[in-house]
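Enquirer: after the sequence you'll find the predicted model.
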Amino acid sequence: MTNAFCSTRGAEHAANAPRAVLEGLAPDGGLYILKDVPDLPPQQMLADDFFAVARRVLTAYLPGYSSEEIAQCVQRAYQNRFDVPGVAPLRAVGDNYVLELFHGPTAAFKDVALSVLPQLMRCAMRKTGWQEDMLILTATSGDTGSAALTGFCDVEGIRVLVFYPQHGISPIQRAQMTAMRGDNIDVCAVEGNFDAAQSGVKRIFSQMPPAFCRQNGFTLSSANSINFGRLAPQIVYYYTSYLQLVRMGRIAMGERADFCVPTGNFGDILAGYLARESGLPVGRLICASNANRVLTDFFETGVYNRNREFLTTLSPSMDILISSNLERLLYRTLGNDASAVRALMEQLRTTGQYRMPDEAMEKIRSVFRAGCADDAQTMRAIKEVFAATGYVMDPHTAVAWKVAQEHRSDAPMVILSTASPYKFAGSVLNALGESVPQDTLEQLTALESISGTRAPDVLREALQRRVRFRDVIAPEDMMAYVQGKAART
């Protein structure tokens, strides 16, 4: 198998797709990325359903897996796991199109990728003759954790440990993680915000003693979008949503569509960028941030600066100041110059900021636009869209809706809806001007009554399960916590 992947921080760290999926993070702390982006014209896919598109995209983006292996992974990931046949339907709402990515087992967009990743990992372990157990470490701002726990639940040879910020996630997000079933999972809260949890996980990857891993028979990997096996499946729904626009007659094949993406860690929108690089007619990628507008400021000024107050918002999955996947965009924009990326990441580590060269920012701005919405604007968008169309959005989708209105063009606008509104029922009810019951189950019932839609059964079930995981630790104790868990596996 050829080593089609390299690290964003050094070409000497090369890997094939199965190895990149198993390792998650490159040994030098960089992110694995394909040396050459595959050519995937959508004209070949017009008659394909979601499964067929997924097979084409993943086979192209994960060289080293056979087409038969990819087909098996796709089938096991999606068959009978989503509550709609097409996995990710596109809906016309007003003058926009909303891509509903929340029809999976945890009612959030992470399900699309994290249903596939466990299959890719198990396949990679078989292909490589992997003997050790995998310990998947994941930091979550809300949705990744429950999707990873669900996807990897009781998968043989793989154990999952999820860290989440103690404050700032919704009650349903907390219930989904802390009451999750499975003998191979652990969940722990971290005092502080998501960035503290994510930085702690990265520190463990770089500082975990290899001798300890060998002694206890495990290898570390990640289910965050720093793992390319998590990122690649997200490319699929850019293709399927574009094909749906063509089938609707909204555009002709080859005409462009714009995409507005609620963004925190930059993985979801980076998938759109890769789709564009592969030949999908993407016009503009619009990066929508909440009040933690570090990405908006980056696109406007060329300076990435995390030295600012961290704000807890109504859209917690976007409450992030260190957007890890931006590193992959920098690598591509800087002409695959790993030394330049390494220097920028060192500046970020030591000073909390870096400045991109003007020429590189011109390339980025030729594709990307950006905007942000605070909580008041988010609530207003939820209320106005419901009043005008009867459609209920969650706060993350509402952020994207507000930003999308500022970047209208002649091309159709696809807004990525990343979570069911029922995951944030209290916030949605408040935005609609309704009274908010204290009990979360009652909030679901109240929103059902107002919207005329039904809450996903998986959310009610999560709220009714017994809490299993109650640990809360300081960020500096994460290494010791992982070692304690690993030593007992």
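Expert: Great, that's in hand.
Enquirer: select the longest helix from this structure.
Expert: In the chain, taking DSSP state H as the definition, the longest helix is helix 228-248.
Enquirer: which positions within that helix qualify as buried?
Expert: Of the residues in helix 228-248, 228-246 count as buried by neighbour count, 16 or more other Cβ atoms under 10 Å. Just so you know, the C-beta spots here come from the backbone N, C-alpha and C atoms, and that holds for glycine as well.
Enquirer: do stretch 348-356 as well
Expert: 348, 353, 354, 356.
Enquirer: how about the strands in the stretch 51-200 of the chain?
Expert: Counting by DSSP state E, counting those that start in this stretch, residue ranges of the strands within the stretch 51-200 of the chain are 90-93, 96-100, 133-139, 158-165, 185-190.
Enquirer: residue 231: what's it in contact with?
Expert: Shown in contact with residue 231 (Cβ atoms under 8 Å, 6 or more residues apart in numbering): 113, 225, 267, 270, 271, 274, 325.
Enquirer: which pLDDT value belongs to the closest residue to residue 26 other than its chain neighbours?
Expert: Leaving aside its chain neighbours, residue 26 sits nearest to residue 7 (3.6 Å; criterion: Cβ to Cβ, 6 or more residues apart in numbering). Note on residue 7: pLDDT of 96.
Enquirer: poorly predicted segments of this structure, please.
Expert: Across the chain, the stretches falling below the confidence threshold (pLDDT under 70) are 1, 488-489.
Enquirer: hmm, back to that, in strands, which of the contacts of residue 231 fall?
Expert: Residues of the contacts of residue 231 located in strands (DSSP state E): none.
Enquirer: can I get these in TSV with neighbour count and distance to residue 13?
Expert: What follows is the contacts of residue 231, written out as TSV (neighbours: other Cβ atoms under 10 Å; distance: Cβ to Cβ, whole Å):
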residue	neighbour count	distance to residue 13
113	31	23
225	24	19
267	24	20
270	26	20
271	29	22
274	24	20
325	22	18
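Enquirer: which one of those is nearest to residue 362?
Expert: Closest approach to residue 362 among these (Cβ to Cβ): residue 270, at 18.9 Å.
Enquirer: list the contacts of that closest one.
Expert: 225, 231, 325, 326, 328, 329.
Enquirer: a markdown table for these, including distance to residue 208?
Expert: Output for those, formatted as a markdown table (distance: Cβ to Cβ, whole Å):
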| residue | distance to residue 208 |
| --- | --- |
| 225 | 21 |
| 231 | 23 |
| 325 | 22 |
| 326 | 25 |
| 328 | 23 |
| 329 | 28 |
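Enquirer: quick one: which of those residues sit in helices?
Expert: Judged by DSSP H, the subset of these located in helices is 231, 326, 328, 329.
Enquirer: quick check: the farthest pair among these?
Expert: Using Cβ to Cβ, these reach their maximum pairwise distance at 231 and 326, which is 12.7 Å.
Enquirer: restricting to C-alpha, output stretch 264-273 in PDB.
Expert: Output for stretch 264-273, consisting of C-alpha atoms alone and laid out as PDB, is shown next (Å, rounded to 0.1, in the frame of the first residue of the first chain):
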ATOM      1  CA  GLY A 264     -16.200  25.500  15.500                       C
ATOM      2  CA  ASN A 265     -13.300  23.100  15.000                       C
ATOM      3  CA  PHE A 266     -13.300  23.700  11.200                       C
ATOM      4  CA  GLY A 267     -13.700  20.100  10.200                       C
ATOM      5  CA  ASP A 268     -17.100  20.200   8.700                       C
ATOM      6  CA  ILE A 269     -16.400  23.200   6.400                       C
ATOM      7  CA  LEU A 270     -12.900  21.800   5.500                       C
ATOM      8  CA  ALA A 271     -14.800  18.800   4.100                       C
ATOM      9  CA  GLY A 272     -16.500  21.200   1.800                       C
ATOM     10  CA  TYR A 273     -13.200  22.600   0.700                       C
END
